[in-house]
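S.K.: Provided below are the primary sequence and the corresponding predicted coordinates.
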Amino acid sequence: QVQLVESGGGLVESGGSLRLSCAASGSFFRIDSMGWYRQAPGNQRELVATITSGGLTRYADSVKGRFTVSRDNAKNAVYLQMNSLKLGDTAVYYCHAVDCGGYGCNTNWGQGTQVTVSS
């Protein structure tokens, strides 16, 4: 069982920056992929950025060049640096982690943190 605790959301003006953090704890063998998804009202949850344990990253086209995902494997933590925020970035951001072991792989989600970008 993996618990994901997010922090760092809030209210920011358009063009501003925020940094999200997420730490994994609990009982697991290893964490493979970690990352962030978001869901705006009326929309489906969508990928924002992911990063493997080896550092390979993947970004949604809408955030490329503005957001940076990173992780600290020793702390089982993942971060999302968000710069040049736009109104369209307003959403609940969810931390995502896949833990794997002899039991297979499990997908885990955090409780979500609200990011609101104002004009």
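M.R.: Structure received. Because the structure is predicted, anything quoted here is derived from the model rather than measured. Numbering: from 1, shown residues only.

S.K.: Can you tell me, leaving aside adjacent residues, what's nearest to the residue located most distally from the centre of the chain?
M.R.: Centroid-distance maximum for the chain: Gly102 at 25.6 Å, with Cα atoms, centre = their mean. Leaving out its chain neighbours, the residue that sits closest to Gly102 by Cβ to Cβ, 6 or more residues apart in numbering is Phe29, at 7.0 Å. Yep, even glycine has a C-beta here, placed from its N, CA and C like the rest.

S.K.: Distance check, the one you found against Gly35.
M.R.: Relative to Gly35, Phe29 is positioned 19 Å away (Cβ to Cβ, to the nearest Å).

S.K.: Can you read off the backbone torsions of Gly42?
M.R.: Gly42 has phi and psi values of phi 80, psi 0 when expressed as degrees, to the nearest 10.

S.K.: That one and His96: what is the separation?
M.R.: For Gly42, the distance to His96 (Cβ to Cβ) stands at 21 Å.
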